[in-house]
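Asks: Okay, predicted coordinates and the sequence, questions at the end:
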Amino acid sequence: MENLSLNNEEVLFNNGNSQTGKRNDYLEWEDYFMAVAILSAQRSKDPAKQVGACIVSEDKKIVGIGYNGMPNGCSDDELPWVKNQADELDNKFAYVCHAEMNAIMNKNTYDVKDCTIYTALFPCNECAKLIIQSGIRQIVYLSDENKNKKSILASKRMFNLAGISYRQFESKRSEIVINLRQPEAH
Ligand SMILES: O=c1ccn([C@H]2C[C@H](O)[C@@H](COP(=O)(O)O)O2)c(=O)[nH]1
Ligand SMILES: [Zn+2]
C-alpha cells in the first residue's frame, strides 16, 4: 500500500535492486511449483477434497501436472462423488484417479526419473507405489492431515525403504494472489 503514491522508478527501488532495477519480490521456485499444484487442485470436481500435484525435473522444468478426477472417458456427471454409501460401488473411492497418479500419467517427458513431486497432500500408499516405480526421488507436500492413517504410514514405510526423501513445504509467503481482471491502465 505504501507504494501507491510513488512513481514507477521509486517503486523499482522499493521492490528491487537499487543498482540493476531487478525485481526482488518474484516467486521463489518452491512457491511457484507448489502454487501450480494448488492451482491445479482447483480443477477437481471432488466436493470434499481437491488435490493437485506438480512434477519438476532436476533442471526445474515442470514435466507433469495432475489433480484428482475421474478416469478419462468416464463422465464425472455419472460417477459418484460421495463417500458414505453402504455399497462401495456408489462411493467415489472406487473410481477417482489421485492427483499424483494423474501427474505421473500426464508427464510430457520420456520419464520422471530423479524428479521432485510437489503435492497438496501427503501421497497415499497407492500413489506412493506409483511414485517409487516412476523414479521420482523427492516429495514436497503441503498437508500431512492424514498422518495417522494406515495408508500414510505405509507410504512413509515404502519411501524410507526406497530411499525417497520427503519434506513438508515451507514458505515465507502465506498466500499468492492471482488477479484475473485486467490491470488498470496507467
Ligand atoms: O494421495 C492422495 C489422496 C487422496 N486424493 C484424492 C482422492 C479423493 O478424491 C480425495 C480424498 O477424499 P476424502 O473425501 O478427503 O477422503 O483426495 C489424492 O488425489 N491423492
Ligand atoms: Zn493417492
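Replies: Received, thanks. Numbers count the residues shown, from 1 in each chain. Ligands and ions are numbered 1, 2, ... in the order given.

Asks: In three-state terms, label the most centrally placed residue in the chain for me.
Replies: Geometric centre of the chain, nearest residue: A37, 2.3 Å, by C-alpha atoms, centre = their mean. Secondary structure, DSSP: H, G, I helix; E, B strand; the rest coil: A37 is helix.

Asks: OK, contacts around it?
Replies: The contact partners of A37, taken as C-beta atoms under 8 Å, 6 or more residues apart in numbering, are 52-54, 65, 99, 118-120, 142. (Each C-beta comes from the backbone N, C-alpha and C, glycine too.)

Asks: Try it again at 6 Å.
Replies: 52-54, 118-120 (C-beta atoms under 6 Å, 6 or more residues apart in numbering).

Asks: what does this structure put close to ligand 1?
Replies: Contact residues, the chain versus ligand 1 (C-beta under 6 Å from any ligand atom): 46, 48-49, 51, 68, 83, 92, 96, 98-100, 121, 123-124, 127.

Asks: Which of those residues fall in strands?
Replies: L121 (DSSP state E).

Asks: ok, of the residues of the chain next to ligand 1, which come out buried?
Replies: Those of the residues of the chain next to ligand 1 that meet the buried threshold are 46, 49, 51, 68, 92, 96, 98-100, 121, 123-124, 127, by 16 or more other C-beta atoms under 10 Å.

Asks: now, which of those lie close to ligand 2?
Replies: Restricting those to those within reach of ligand 2 (C-beta under 5 Å from the ion) leaves 98, 124, 127.

Asks: quick one: the second one and K149 touch, right?
Replies: No: the pair C124 and K149 fails to qualify as a contact (C-beta atoms under 6 Å) at a distance of 8.3 Å.

Asks: hmm, back to that, which of the residues of the chain next to ligand 1 sits closest to F169?
Replies: L121 (11.2 Å; C-beta to C-beta).

Asks: tell me the contacts of the closest one?
Replies: L121 makes contact with 51, 143 under the criterion C-beta under 6 Å, 6+ apart.

Asks: ok, now D31?
Replies: 171, 173.

Asks: that's a helix at it, yeah?
Replies: Yes: applying three-state DSSP, one finds D31 inside a helix.

Asks: Quick check, pLDDT for it.
Replies: Looking at D31, its pLDDT stands at 98.

Asks: can you confirm I139 is in a helix?
Replies: No: counting by three-state DSSP, I139 is not found in a helix; it is strand.

Asks: And it, what's its pLDDT?
Replies: Looking at I139, its pLDDT stands at 98.

Asks: how much space between it and ligand 1?
Replies: 11 Å (C-beta to the nearest ligand atom, to the nearest Å).

Asks: Leaving out chain neighbours, which residue sits closest to that residue?
Replies: Y166 (4.0 Å; C-beta to C-beta, 6 or more residues apart in numbering).

Asks: can you list the residues of this protein near ligand 2?
Replies: Residues of the chain lying near ligand 2 by C-beta under 5 Å from the ion: 98, 124, 127.
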